[in-house]
Structures are given as C-alpha cells and as structure tokens.
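Asks: sequence first, then the predicted structure, then my questions.
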Amino acid sequence: MSSQISALQKHRAAYQPKLPKALRTGTIAVQLGASTAPPTDQDEIRKAFPNTYGQPEVKLVEGKGSLKSGALKVGVVLSGGQAPGGHNVIAGLYDALIAANPASVLYGFLKGPGGVIKGKYVELTAGIIDEYRNTGGFSMIMSGRDKIEKPEELAACKKNFETLGLDGLVIIGGDDSNTNAAVLAEYIKASGCTTSVVGVPKTIDGDMKNEQIEASFGFDTAARTYSELIGNIARDAQSAVKYWHFIRLMGRAASHVTLECALQVQPNICLISEEIQQKGISLDQIVDSIVDTIVKRAEAGKQYGILLVPEGLLEFIGDIKVMIEELSNILAADEASLKSLGDQTDRSKFITGKLSGHSASVYNSLPAAIQAVLLERDSHGNVPLSQVETERLLMDLVAAKIKVLQSQGKAEKVKFAPLSHFFGYEGRCAAPSNFDADYCYSLGYAAAQLVRAGLTGYTSNVENMTKSSDAWIAGGTPVTMMLNMEQRKGKPTPVIKKALVDLDGAPFKFFAANRAKWALEDAYVFPGAIQYFGPSEVCDAPTKTLALEKGA
Ligand code: FBP
C-alpha cells in the first residue's frame, strides 16, 4: 500500500464496523434449521453433490455452543470482479479468528482461485489487516477469475490444504465463485479431507440474493457511486440544455444496478433488461420508444435528457439471446478452429456459416467491434459484456432513426446531440459505504464461525439488514439449495441461479409507476457523494431496492 494516505482514509481506518448482536458476545452458538432442497432440478443436484446436498440452514445465536476454540488455520481468497467491502470481509474474518483464539492464523491466497490451486499465499498479519480496514478494492491479496474445476485442480487444492493444515477456506465471490465453492466443498468432503469451504456473497451486480441472502456486498457502494455521477450529469444536462446522455451501467446480466440508480436519480428513460425479455421487445422497438421520448421532450423545448441502459441488455433481446446461445455452443465445439483464424473478418465468415439463418443475419447486423466481443467467453462461460458498447449502439440507431423521421418531415423540433458514458470500473473499488463496511465485516465474522462449527458448502449471510445492527441475524445458507441446472459451455451444469429483477417486486413496480412522469418532467434527484460521517439518514440508509423489497 502507498505510504501516503488521504485524510479520509486516516479517519476511516478508525471506523469500527457494526456487528449483529449475537456476534458481539463471546459466546456464539450454531442453530440448525430444517434440511433444505433447491427449488428445481433436485435429482440432478443431489446426484452431483451427494455429500453436501440437503444440509440445514444455519443461524448464529448467542449461547454456549460447540464451536472450535483451539487455534485455527484458515485461508481466504477473493474471486471475480472487485466489489467495495472485500477488505472488510477479511478484517472481520481475521478479528473473529483471533477473538476465538489469538494463536489462529489467516492466509491470503494471491490473485484469486489460481492462487489456491498453485498454493501461492501470504500470512495476513495484524499489521497488514489494519492497513486495509474500511478501504475499497481487492488489492490486499488481489483477485482473479480462474475456476477450480478440473480433477487435477481440485486435487492440487486438497494437497495445499493438507500441506498447510487448513481448517477452512473462505471464498469471497459471486454466484459463479460460490458455485465453485460448493464444487470444492463436495470434492474435499468426499475425499475425506476436513477443510471447511465457506463462501461469501460478493458482487456489485446485486444478483446473488434470495430469502436468506438479502443483498450481495458491494452493490450498495457501487450503485451509490454511479448514482452520484448520474446525478451530476443530470445537473449538467439541465444546465447546458443541449445533450442527451446515454449511460450504460455495469451488471453482467441482471439490471439491479440500473434499477437502483433509476430509483435514486429518476432519469428520463431507463431500460430494464428483464422487462424487455418478458415482453419480447425487439431492438427496433426499443429504439422507437427512445425516439418517441426524445421527440416529446424536444416538442416541450427540452433537447436534453438522461437514459440508463444495463450492461446486459443485448442478452435479453429475444433474437440476440438465441444468437448468443448458438454462438456459445459453436464455441464449445469449435473454439480451437475459430482461434486459429487470423482476423475478425475470417471469424465472422466462419461463424456465419455455422449459425442458423436468422441468427447469422442478427450477428451480421451488429458492428464489428461487438461481433468480436461476442466471440469471447470467461472461464465461467460468460460473454465479457462490460466490453460491449451498447450505449453507443443505441445512440447510433436512435440518431439514424431521427434522421429518417426528419427526412419525412417529422421530428422537426429535435436537435439530437448525444454523449455516451459507461460507469462500471469507477464504482467497483470505491471506499465502502457504512452499509457495506458493516455488512462485509459481519459476513467475514460469520464465515469464521461457520468454519469454527466445521460446516462446509455454506455461504455466510446476514438477515434483517434494513433494521439496526442489533436486529441483524447472521448465519449460513447451504449452497446446494441455491443451485439450478443451466447450459454452460454447451452442457447442463449446476450453478447458483442468478436473481434477476423481479417484475412483480416492489422496486420495479415503483419505477414502472413513475417512469412516464420522469420521462417528460425533470424529476431528477441528486444523491451526491457517499457520506461516511454525519446524520444516520445520510450515512447508513440501505439501498432503495432493499428498502422497497423489505417494505422499510
Ligand atoms: P462478479 O460477478 O465476479 O462480481 O463481477 C461482476 C462484474 O463487475 C460485472 O458487472 C462485469 O460485467 C464484470 O465483472 C467485468 O469483468 P472484468 O472485471 O473481468 O472486466
């Protein structure tokens, strides 16, 4: 870490995150609930996870229990995209282990799951932990997107656990990484090794949630950071009165980030991928409806506006989704031949020959830069959508449509001057809000108790988060109860089901009830920068999404 720290960092280092009441006591016990099952695909999942399927939900309560009190050796790894609060998970984990037994040791595996496979780690001492308390980023031990999946990778992890004498490994990651934690937990248990594998729900995307996991960490801070920027742009738009801002927001699949920003800032247009998919809306129809609002605002003398578009939009548009699925199957079968081709023109030709007729024409209708990105997959089989400039595609299509209308003597009042923005990486390493700082520290503290209880194949959680921390309840959710079967790299695979925006849920309904008004009026709200000191209403409030979901 840099030897120079900012004044804010200095004061934040002294911030003591809040913990659920039961975790503040010296005596923590485990309360087991009923055994669990995933909502669908039970037979396939039971077959894939015979040793960890059906485990009970766990709550951490105050009381005398049988948690291990001897010195423990635990490893921790950060997996996937950065999310604000990761360092606090590690700090909470460390503090809980030391509180239970000061001789405990915490190892940080370096650069993601690859570090666990290769056995690359550092011992995380009190000095290192103190430097990173309440800071953003994953720079303490870095992250990576490797997947622990091949038999030799699983065996290498087991060997490293045995060499280090690890009682537990805590994997801080999103849906894919927690799925990976379940696979590793099953393998380790089946092979007679006693290392517990526990996950922590991380992702700014906000799509790893269910009844027990109320939110993934990092969503709060990232959405607040983007909302501050969008609010600033809205103010600029109202001041300059000449630009339409097309703003794409990170979030690989689900539109939670975009919806939360819309609830915070009240833009003129906000696209929600899940709605577009459910209603079967085409790209042309999306463009038409954007143009409609632009024309109406121009007629009211407003040549400016704010449009939010979720990163994952393209994958939710019917024929583009089908084309991407076909591409995934082709890549699974023919990746080597495709990679051997020199340039994008040859690749496009090769792909066009393999796609169905309609998908081929959809693929060829997209700009070459987007075509190229659609041929990439990460280690979990995902398209790297953060590199697809959907906001520019929309801007160009809208501009072209306005031109056509104007050539027909319509939309004459419109003076369309668009600007594009992408907010993604700007928010992933922001200093965690109080909410994320407290939540993450609690998740880490809870993960330590799950390891002390010898539990494996769990994700740590905290419930009741719209209430004060006295009412928070920490515990663990068995990963197998969150799984479902999906096609990955061309074959059915158990993965944690992504929580998409619920169109019957309160956050979307609030947005849908207000968007017509927001389209034409300037109903912008300016949230300003995240505040760390000051009135609780300003510093500690949960996201609008969580507040609406919980009726708070
Ligand atoms: P995780 O699912 O690993 O938390 O990552 C989320 C994310 O921030 C997505 O929103 C985005 O599409 C992706 O990571 C970008 O990936 P990369 O960091 O590899 O560019």
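Replies: Looks like it arrived, so ask away. Just so it is clear, the model here is predicted, and its values are computed rather than measured.
Asks: CA atoms for contacts and neighbours, from now on please.
Replies: Noted.
Asks: where does the stretch 451-552 of the chain get nearest to the ligand, which residue?
Replies: Using Cα to the nearest ligand atom, the single residue of the stretch 451-552 of the chain nearest to the ligand is K498, 10.1 Å away.
Asks: number of residues surrounding that residue?
Replies: 20 (other Cα atoms under 10 Å).
Asks: in a helix, that's where it is, yeah?
Replies: No - the assignment for K498 (DSSP: H, G, I helix; E, B strand; the rest coil) gives coil, which keeps it out of a helix.
Asks: and it, backbone torsions?
Replies: phi -70, psi 140 (degrees, to the nearest 10).
Asks: give me every residue that touches it.
Replies: By Cα atoms under 8 Å, 6 or more residues apart in numbering, the residues touching K498 are 175, 207-209, 254.
Asks: in helices, which of those residues appear?
Replies: Among these, the residues falling in helices (DSSP state H) are D175.
Asks: hang on, the earlier thing: how near is the residue of the stretch 451-552 of the chain closest to the ligand to M482?
Replies: 9 Å (Cα to Cα, to the nearest Å).
Asks: cool, A336 as well?
Replies: Distance, A336 to M482, using Cα to Cα: 33 Å.
Asks: neighbour-wise, which of those two wins?
Replies: Neighbour count, other Cα under 10 Å: between A336 and M482, M482 has more, with 24 against 10.
Asks: I'd say that one and K497 touch.
Replies: Yes - with contact defined as Cα atoms under 8 Å, M482 counts as touching K497 (6.3 Å).
Asks: now K10: which helix or strand?
Replies: helix 7-13 (DSSP states H and E).
Asks: what's the next helix-or-strand element following that helix packed up against?
Replies: Using DSSP H and E, the helix or strand that follows helix 7-13 towards the C-terminus is helix 21-24. Applying 3 or more Cα pairs under 8 Å, 6 or more residues apart in numbering; DSSP states H and E, one finds that helix 21-24 contacts strand 56-62, strand 473-478.
Asks: just give me the neighbour total for M142.
Replies: Applying other Cα under 10 Å, we find 18 residues neighbouring M142.
Asks: before we move on, what about Y243?
Replies: 21.
Asks: go on, D43?
Replies: Neighbours of D43 (other Cα under 10 Å): 11.
Asks: run a quick neighbour tally on the closest residue to G231 other than its chain neighbours.
Replies: In this structure, G231 finds its nearest non-sequential neighbour in F526, 4.7 Å apart by Cα to Cα, 6 or more residues apart in numbering. F526 has 18 neighbours, counted by other Cα under 10 Å.
Asks: spit out the contact partners of F526.
Replies: F526 touches 227-228, 231-232, 235, 264-265, counting by Cα under 8 Å, 6+ apart.
Asks: same check, this time on L393
Replies: Applying Cα under 8 Å, 6+ apart to L393 gives no contacts.
Asks: can you check the pLDDT for it?
Replies: For L393, the pLDDT comes out at 92.
Asks: element containing it, please.
Replies: Following DSSP H and E, one finds L393 within helix 390-407.
Asks: what ranges do the helices span in the stretch 251-400 of the chain?
Replies: Secondary structure of the stretch 251-400 of the chain by DSSP state H, counting those that start in this stretch: the helices cover 256-265, 273-278, 283-299, 318-339, 344-354, 357-365, 368-373, 390-407.
Asks: the third one vs helix 318-339, what angle?
Replies: Just to be clear, that refers to helix 283-299. Helix 283-299 and helix 318-339 are oriented at 120 degrees to each other (axes from the mean of the first three to the mean of the last three Cα atoms, to 10 degrees).
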